[in-house]
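Q: 3D, please:
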Amino acid sequence: MQTENSNNDSTAPTGLHKARLAFAISAGKLVGASGRLFHIGGGTSLPGMIARRIDPNVLKSVVGSSKAKKIVITGSNGKTTTARMTAAIADANGHRVSQNRTGSNLLQGVTSVAVNFADVFGRLDSDVLLFEIDEGTIPLAVPEIQPDVVVITNIFRDQLDRYGELYSVGRALNKMLEDLPETATILLNGNDPQVANFGLNSKARRLYFGLETTEVGTPVPEQSADIIRCIHCNSDFVYEVAYLSHLGLYRCPECGYTLPKLDIAVTSVALATDGEGPSHMKIRTPQGEMKLELSLPGLHNVYNATAAIGAAMAAGFPMEKAQNGFNNLKTAFGRLEKIQAGDKTIYLSFVKNPTSFNLMLRLINQHAGKKHLLLAMSHTVVDGEDFAWLWDVDLEEVADEILDAICSGNKPEELAMRLKYAEIPIDKIKIITDREEALDAALKQVEPGGTLYIMSGYTPTQELRKIMQKRGWVKHFWEE
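A: Residues are numbered from 1 along each chain as shown. Got it, this is the predicted structure:
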């Protein structure tokens with residue numbers, strides 16, 4: 001069922017403010033259209049940046065005058081895919097969705113949703129407003145959006161020079177949740193010991209999602225796990241099973257802290273063993289048990305799907321057509337994205353912390369045969385300037401499967417050194433700083449019909465994909 005715009009809402013701008021809003025939106029739209037016309041951008045962030053400079057309240061004004069359901073999704077990993085899955089469920093139910101689909105998740109990217117989808121008077125023809133938001137940005141964005149549903153997927157160590165330690169990120173998120181009204185719903189990952197403890201003093205309704213099966217996982221967390229001690233008494237957690245990093249079925253033997261009862265819980269899962277999919281899962285929900293086939297591979301996507309189911313339920317969407325939405329899912333750009341480059345195949349993976357890097361390594365290791373790698377990292381402000389986390393990547397587990405590796409980015413020697421200490425022979429490692437030269441050299445080493453695996457940080461992923469776009473291998477990321 002579609003909602004109506006609330007054009008006469010008391011929060012709608014009037015007089016001079018209305019004119020300022022119209023000017024801000026018009027300027028933002030013009031900038032976005034110009035960027036697309038001249039192929040210098042997809043209007044994913046610049047429209048919001050320009051509009052906010054003209055009217056700092058543009059996001060609040062546009063969103064506040066809409067009666068659409070407002071869902072925000074944040075966390076260290078899984079935001080983009082969870083948002084796409086949630087949108088797919090909403091779309092399958094006939095809802096008109098507006099979202100920052102390309103993953104531009106800072107405040108300007110979030111504001112661009114309002115600018116791009118509203119008319120010049122700030123009216124949105126949408127039933128659902130869906131925002132993926134950076135975990136460092138969400139405390140600023142939520143007061144402007146006033147969401148109906150807030151989803152936190154997980155909190156992992158990520159760009160410590162930008163965010164600080166996990167606990168400082170957690171405190172900011174918790175404060176944001178505590179300020180939500182009782183009309184809002186919070187959906188938290190119950191398998192994450194820190195996230196599960198958020199929002200205890202919030203007036204909002206709290207729901208928990210996660211896994212409660214022993215069919216997958218390991219007896220203890222991996223060595224790079226971020227939280228292995230109780231967040232209340234600092235005693236070592238005991239795990240019945242660990243799924244990803246510190247996510248699992250945990251309890252503290254001293255103070256008794258353990259995961260809460262899960263409202264949306266995966267009770268059974270069968271993962272594909274070839275790294276391709278599909279996976280099959282059973283989920284217990286307040287609407288009853290449901291079965292889901294998931295074309296996207298990996299346990300992390302089981303988490304993403306479960307979070308999306310929970311978000312959609314919290315927003316009031318029925319689940320009968322959820323599978324229809326999932327049937328049409330494709331990988332987001334850079335998320336183990338399969339790209340055809342002539343007679344060769346490329347898998348492009350955006351990795352930004354030990355958890356995401358290890359996930360991708362283990363997933364591609366399920367693919368048959370030895371692997372050609374291209375690794376690219378940059379230490380810019382948006383990428384994170386500290387490379388120390390590379391030493392928590394489990395390259396040793398896949399070292400025997402690596403045929404050759406080219407290291408690129410603006411600090412390729414850091415990558416080469418990490419590979420060397422993983423006991424990958426030096427004669428298999430090459431350093432090529434220039435991204436296009438590195439891509440060509442890596443592909444040259446791949447036999448006809450073979451596969452190249454690229455794992456790269458945020459900026460190199462954008463750079464490499466831009467090269468592929470110019471060659472006609474992929475579309476612009478905003479067209480995906």
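Q: what's near enough to touch T81?
A: L296, N301, N304, T331, A332, R335 (Cβ atoms under 8 Å, 6 or more residues apart in numbering). Just so you know, the C-beta spots here come from the backbone N, C-alpha and C atoms, and that holds for glycine as well.
Q: Out of those, which is nearest to L124?
A: A332 (23.6 Å; Cβ to Cβ).
Q: Tell me how far that closest one lies from T80.
A: A332 is 5 Å from T80, where distance means Cβ to Cβ, to the nearest Å.
Q: what about L140, neighbour count?
A: 15 (other Cβ atoms under 10 Å).
Q: can you tell me which residues contact it?
A: L107.
Q: Let me see the ranges of the helices in the protein.
A: With DSSP state H as the criterion, the chain has helices at 15-37, 46-54, 58-64, 79-92, 107-117, 138-145, 160-163, 166-178, 299-314, 322-327, 354-364, 412-421, 435-444, 458-470.
Q: Specify the angle between the fourth one and helix 299-314 in degrees.
A: Yep, that's helix 79-92 we're talking about. If you take axes from the mean of the first three to the mean of the last three Cα atoms, to 10 degrees, helix 79-92 sits at 50 degrees to helix 299-314.
Q: Identify the residue nearest the geometric centre of this protein.
A: K79 (2.6 Å; Cα atoms, centre = their mean).
Q: Domain map for this structure?
A: Following automatic domain parsing, the chain resolves into domains at 67-97+125-327, 335-474.
Q: residue contacts, the residue nearest to the centre of the chain?
A: I73, G103, N105, E132, I133, T153.
Q: Same question for F237.
A: Applying Cβ under 8 Å, 6+ apart, the residues near F237 are P193, I227, I228, R229, C230, H246, Y250, R251, C252.
Q: quick revisit: arrange the domains of the chain in JSON lines, one row each, with distance to V110 and mean pLDDT as further columns.
A: Below are the domains of the chain laid out as JSON lines (distance: least, Cβ to Cβ, whole Å; pLDDT from 0 to 100):
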{"stretch": "domain 67-97+125-327", "distance to V110": "5", "mean pLDDT": "93"}
{"stretch": "domain 335-474", "distance to V110": "16", "mean pLDDT": "93"}
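Q: Redo those domains as a markdown table? Include distance to G32.
A: Shown next, in a markdown table, are the domains of the chain (distance: least, Cβ to Cβ, whole Å):
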| stretch | distance to G32 |
| --- | --- |
| domain 67-97+125-327 | 17 |
| domain 335-474 | 18 |
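Q: Most tightly packed of those?
A: Highest mean neighbour count among the domains of the chain (mean count of other Cβ atoms under 10 Å): domain 67-97+125-327, with a mean of 20.
Q: Skipping its backbone neighbours, what lies nearest S66 in space?
A: L124 (4.5 Å; Cβ to Cβ, 6 or more residues apart in numbering).
Q: hey, what's L187 bridged with?
A: Taking DSSP bridges as the rule, L187 bridges to V151, L207.
Q: Distance-wise, check it relative to K29.
A: In terms of Cβ to Cβ, L187 sits 33 Å off from K29.
Q: What of A225?
A: 45 Å.
Q: Now stretch 236-256 - C-alpha only, PDB.
A: Listed next in PDB are the C-alpha coordinates belonging to stretch 236-256 (Å, rounded to 0.1, in the frame of the first residue of the first chain):
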ATOM      1  CA  ASP A 236      36.900 -14.400  29.100                       C
ATOM      2  CA  PHE A 237      33.800 -15.300  27.100                       C
ATOM      3  CA  VAL A 238      32.900 -18.900  26.600                       C
ATOM      4  CA  TYR A 239      31.500 -19.700  23.200                       C
ATOM      5  CA  GLU A 240      29.300 -22.600  22.200                       C
ATOM      6  CA  VAL A 241      30.000 -21.600  18.600                       C
ATOM      7  CA  ALA A 242      31.700 -18.600  17.000                       C
ATOM      8  CA  TYR A 243      30.300 -17.500  13.600                       C
ATOM      9  CA  LEU A 244      32.300 -14.500  12.400                       C
ATOM     10  CA  SER A 245      35.000 -12.800  14.400                       C
ATOM     11  CA  HIS A 246      33.500 -12.300  17.800                       C
ATOM     12  CA  LEU A 247      29.900 -12.900  16.700                       C
ATOM     13  CA  GLY A 248      28.500 -16.100  18.100                       C
ATOM     14  CA  LEU A 249      26.700 -17.900  21.000                       C
ATOM     15  CA  TYR A 250      28.600 -16.400  23.900                       C
ATOM     16  CA  ARG A 251      28.300 -16.300  27.700                       C
ATOM     17  CA  CYS A 252      30.300 -14.900  30.600                       C
ATOM     18  CA  PRO A 253      31.000 -17.700  33.200                       C
ATOM     19  CA  GLU A 254      31.600 -15.000  35.900                       C
ATOM     20  CA  CYS A 255      28.700 -12.500  35.700                       C
ATOM     21  CA  GLY A 256      26.400 -14.500  33.400                       C
END
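Q: Mind putting the helices of the chain into TSV with distance to D236?
A: Formatted as TSV, the helices of the chain follow (distance: least, Cβ to Cβ, whole Å):
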stretch	distance to D236
helix 15-37	51
helix 46-54	45
helix 58-64	44
helix 79-92	30
helix 107-117	39
helix 138-145	31
helix 160-163	23
helix 166-178	17
helix 299-314	24
helix 322-327	38
helix 354-364	20
helix 412-421	28
helix 435-444	42
helix 458-470	34
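Q: follow-up on the earlier one: please identify which pair of the contacts of K79 lies farthest apart.
A: G103 and T153 (13.5 Å).
Q: How far does stretch 293-300 stretch from one end to the other?
A: 14 Å (Cα to Cα, to the nearest Å).
Q: related to what we said a few turns ago, so what's the residue nearest to S66 up against?
A: Applying Cβ under 8 Å, 6+ apart, the residues near L124 are N5, V62, V63, S65, S66, A68, S98, A114, F117, A118.
Q: Which strand residues bridge the nearest residue to T285 once chain neighbours are set aside?
A: Nearest residue to T285, sequence neighbours excluded (Cβ to Cβ, 6+ apart): I264, at 5.3 Å. For I264, the beta-bridge partners are F209 (DSSP bridges).
Q: check contacts around I264.
A: Counted by Cβ under 8 Å, 6+ apart, I264 has contacts 187, 207-210, 283-286, 306, 309-310, 313.
Q: ok so, going back, beta partners of the residue nearest to S66?
A: Bridge pairing for L124 - DSSP bridges - gives A118.
Q: With V302 as the reference, measure out to A33.
A: From A33 over to V302 (counting by Cβ to Cβ), the distance is 39 Å.
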